[in-house]
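> this is a predicted model, with the sequence first.
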Amino acid sequence: MSTGEREREVVKRVATAEQGWERFFRYGPYGLLLLATAISAVSSSLIMSRADVYAAAVLVPVALVLQLWWGRVASGPGSRAAQFYFVARTLLAFGLTWCNPFFSIFTTLGYFDAGRLLPRRAMRAGLLATAVIMAGSQSGSGMPPASPMNWIAFVILFALHGTLTMIFAQIGDREAEQTRTQADTIAALESANARLERAMAENAGLHAQLLVQAREAGVADERSRMAAEIHDTIAQGLAGIIAQLQVVTSAAGTDPGPAGEHLVRALALARHSLGEARRSVHNLLPAALEHDDLPGALEKTVTTWSERTGVRAEFTVTGTAEPLHDEIGATLLRIAEEALANAGRHAAASRAGVTLSYMGDEITLDVRDDGRGFDPHALPPYRGAGGFGLGGMRARAERIAGTVEVETGHGLGTAVCARVPLVRND
């Protein structure tokens with residue numbers, strides 16, 4: 001059994017015991033008073049005078065009213081109401097025992113709740129008062145003792161009850177101390193568990209940060225190698241494309257027709273790609289994040305994509321935006337760009353939506369469209385080259401301890417959900 005299970009078992013046993021005692025203190029006095037009254041009524045013709053019968057007939061209803069009153073106003077240990085109730089009940093028990101010794105059955109309540117109702121300094125006095133009544137009821141003639149022999153019996157019985165009372169008081173004190181110690185131990189364990197949970201939560205955040213830092217350190221050499229490749233191949237090729245497009249644009253003159261418009265867009269896209277290639281060489285942020293935070297960059301990306309494809313698109317932010325680590329923002333922006341590019345090339349969608357959600361220690365990006373959908377199991381396996389498509393998006397997310405999930409089907413549209421740790425830019 002684990003420590004947590006043992007704690008819960010102890011708490012359960014304590015709660016069960018407390019509930020049992022609460023039921024006894026609530027209903028027990030009525031039962032004991034009824035039992036004592038019934039036995040006293042049966043034996044009244046043998047040991048009770050007419051005056052005793054009349055007195056008991058008055059005191060029993062008074063005791064019942066007192067008990068009903070206490071059931072309505074029951075208050076904490078040591079309160080004035082609790083002390084009044086104990087003293088009044090003890091006096092009624094004394095009077096009833098004077099009438100008939102069998103009413104000592106009702107008197108036994110004093111042994112059970114003296115420590116519960118009286119302040120600590122008065123508890124022993126309450127127990128001794130109960131012991132006096134009990135000894136008197138057992139001395140042979142009730143209260144007061146009728147003969148020297150009854151007095152001797154009373155003294156002996158009182159000594160016995162008094163000794164037992166003090167022993168029980170000591171046991172009660174020890175149990176109370178053990179209960180307090182147990183409660184303190186449980187509270188200490190709960191506090192330790194709470195501190196442990198907080199530490200684990202903090203460690204989870206630190207772990208995410210370490211993963212990001214480890215990823216940055218691990219790919220530094222690879223970036224240097226790829227930078228040289230990009231500079232010597234892609235960047236040079238894009239520069240040549242731009243030069244050719246400029247010549248074609250100049251030859252087209254001022255013709256505002258569709259061909260000219262497409263040429264202008266192609267030229268702008270080539271220049272943008274060249275800028276991105278050069279940024280990759282220098283290990284810089286994407287251009288969209290240079291002057292905007294992630295929500296601003298995503299909004300512009302969605303707007304530009306919508307204008308280029310003619311597909312109505314909306315962008316939404318939920319939660320409180322926070323400054324993100326550069327790698328987190330760049331990864332989510334690239335995933336959004338790739339998901340939108342796929343929707344534009346393959347989905348034949350009429351609407352699309354992008355939602356960025358800040359959720360405590362996690363940030364999610366959802367890209368949805370109402371296009372034709374596809375079978376994700378029919379896609380070719382990701383080879384790790386180039387970072388294109390669904391496999392590329394997943395690889396990007398996994399590099400920063402994130403995940404990418406896709407929900408789609410033929411005719412059902414597509415939803416791409418990226419979840420990554422929210423690592424702040426401290």
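Everything's here; your move.
> could you use CA atoms for every contact and neighbour count after this?
Fine.
> can you name the next helix or strand after the helix or strand Tyr54 falls within?
Assigned by DSSP states H and E, Tyr54 falls within helix 50-73. Per DSSP H and E, the first helix or strand lying C-terminal to helix 50-73 is helix 80-99.
> hang on, the earlier thing: gap between the helix holding Tyr54 and the chain center?
51 Å (CA atoms, centre = their mean, to the nearest Å).
> so for it, what gets flagged as buried?
52-53, 56, 59-60, 63-64, 67, 70 (16 or more other CA atoms under 10 Å).
> with stretch 404-421 instead?
Buried residues in stretch 404-421 (16+ other CA under 10 Å): 404, 408, 413-421.
> from these, which is closest to Ile105?
Nearest to Ile105, judged by CA to CA, of those is Pro421 at 69.4 Å.
> who's in contact with the closest one?
Pro421 sits next to 205, 208, 361-363, 400-402 when contact means CA atoms under 8 Å, 6 or more residues apart in numbering.
> and the buried ones among these, selectable in ChimeraX?
Buried subset of the contacts of Pro421, written as a ChimeraX selection, criterion 16+ other CA under 10 Å:
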select :205,208,363,400,401,402
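> next step: the contacts of Pro421 restricted to strands.
Of the contacts of Pro421, the ones assigned to strands by DSSP state E are 362-363.
> assign a three-state SS to Ala418, would you?
strand (DSSP: H, G, I helix; E, B strand; the rest coil).
> before we move on, what about Gly329?
Secondary structure of Gly329, per three-state DSSP, is helix.
> mind putting the contacts of Pro421 in JSON lines, distance to Ser45 and pLDDT included?
What follows is the contacts of Pro421, written out as JSON lines (distance: CA to CA, whole Å; pLDDT from 0 to 100):
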{"residue": "Gly205", "distance to Ser45": "83", "pLDDT": "73"}
{"residue": "Ala208", "distance to Ser45": "87", "pLDDT": "74"}
{"residue": "Asp361", "distance to Ser45": "82", "pLDDT": "87"}
{"residue": "Glu362", "distance to Ser45": "84", "pLDDT": "92"}
{"residue": "Ile363", "distance to Ser45": "87", "pLDDT": "94"}
{"residue": "Ile400", "distance to Ser45": "93", "pLDDT": "86"}
{"residue": "Ala401", "distance to Ser45": "90", "pLDDT": "87"}
{"residue": "Gly402", "distance to Ser45": "90", "pLDDT": "91"}
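> could the contacts of Pro421 go into CSV alongside distance to Ala122?
Shown next, in CSV, are the contacts of Pro421 (distance: CA to CA, whole Å):
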residue, distance to Ala122
Gly205, 56
Ala208, 61
Asp361, 57
Glu362, 60
Ile363, 63
Ile400, 68
Ala401, 66
Gly402, 66
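> just the closest of the contacts of Pro421 to Thr181, please.
For these, the closest approach to Thr181 (CA to CA) belongs to Gly205, at 36.1 Å.
> contacts only, for that closest one.
361, 421, 423.
> I figured Leu365 hits Leu356, correct?
Yes. Contact criterion CA atoms under 8 Å: Leu365 and Leu356 qualify, at 4.7 Å.
> strands along the protein, start to end?
Applying DSSP E to the chain gives strands spanning 312-318, 351-359, 362-369, 403-408, 414-421.
> distance to Glu299 added to those, as a markdown table?
Formatted as a markdown table, those follow (distance: least, CA to CA, whole Å):
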| stretch | distance to Glu299 |
| --- | --- |
| strand 312-318 | 6 |
| strand 351-359 | 9 |
| strand 362-369 | 12 |
| strand 403-408 | 21 |
| strand 414-421 | 17 |
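> so which of these gets nearest Thr97?
Smallest distance to Thr97 across the strands of the chain (CA to CA): 71.4 Å, for strand 351-359.
> so what touches that closest one?
Applying CA under 8 Å, 6+ apart, the contact partners of strand 351-359 are 295, 302, 311-322, 336, 363-371, 422.
> now these: which count as buried?
295, 302, 311-313, 315, 317, 336, 363-371, 422.
> any idea how many residues pack against Val423?
The local packing of Val423 (other CA atoms under 10 Å) involves 24 other residues.
> would you confirm that it contacts Asp326?
No. Counting by CA under 8 Å, Val423 stays clear of Asp326, with 9.2 Å between them.
> show residues contacting stretch 23-30.
With contacts defined as CA under 8 Å, 6+ apart, stretch 23-30 is touched by 64, 67, 71, 106, 109, 113.
> now do 10 Å
Contacts with stretch 23-30, where a contact means CA atoms under 10 Å, 6 or more residues apart in numbering, come from 18, 20-22, 31, 34-36, 63-64, 67-68, 70-71, 74, 105-109, 112-113, 116.
> give me the buried subset of those.
34-36, 63-64, 67, 70, 74, 105-109, 113, 116.
> which of these scores worst on pLDDT?
In terms of pLDDT, Ala74 ranks lowest among the buried ones among the contacts of stretch 23-30, with 76.
> how far away is the closest residue to Ser357 other than its chain neighbours from Lys300?
Closest residue to Ser357 apart from its sequence neighbours, by CA to CA, 6 or more residues apart in numbering: Thr318 at 4.7 Å. According to CA to CA, to the nearest Å, Thr318 stands 17 Å off from Lys300.
> now do Gly20
68 Å.
> next up, the contacts around Ala397.
Applying CA under 10 Å, 6+ apart, one finds that Ala397 lies in contact with 328, 331-332, 335, 403-404, 418-421.
> try 6 Å this time
Counting by CA atoms under 6 Å, 6 or more residues apart in numbering, Ala397 makes contact with Thr403.
> do the one 3 residues further on as well
Applying CA under 6 Å, 6+ apart to Ile400 gives the contacts Val212.
> need the phi and psi values for it.
Dihedral angles of Ile400 (phi, psi; degrees, to the nearest 10) stand at phi -120, psi 30.
> any figure for the gap between the residue nearest to Ser357 and Pro295?
For Thr318 relative to Pro295 (CA to CA), the value is 10 Å.
> lowest-confidence helix or strand of this protein?
The weakest-scoring helix or strand in the chain, judged by mean pLDDT, DSSP states H and E, is helix 220-232 (a mean of 54).
> now Cys99: how far from Leu64?
17 Å.
> same deal with Val406?
In this structure, Val406 and Leu64 are 73 Å apart, going by CA to CA.
> cool, and Ala321?
From Ala321 to Leu64 the distance is 67 Å (CA to CA).
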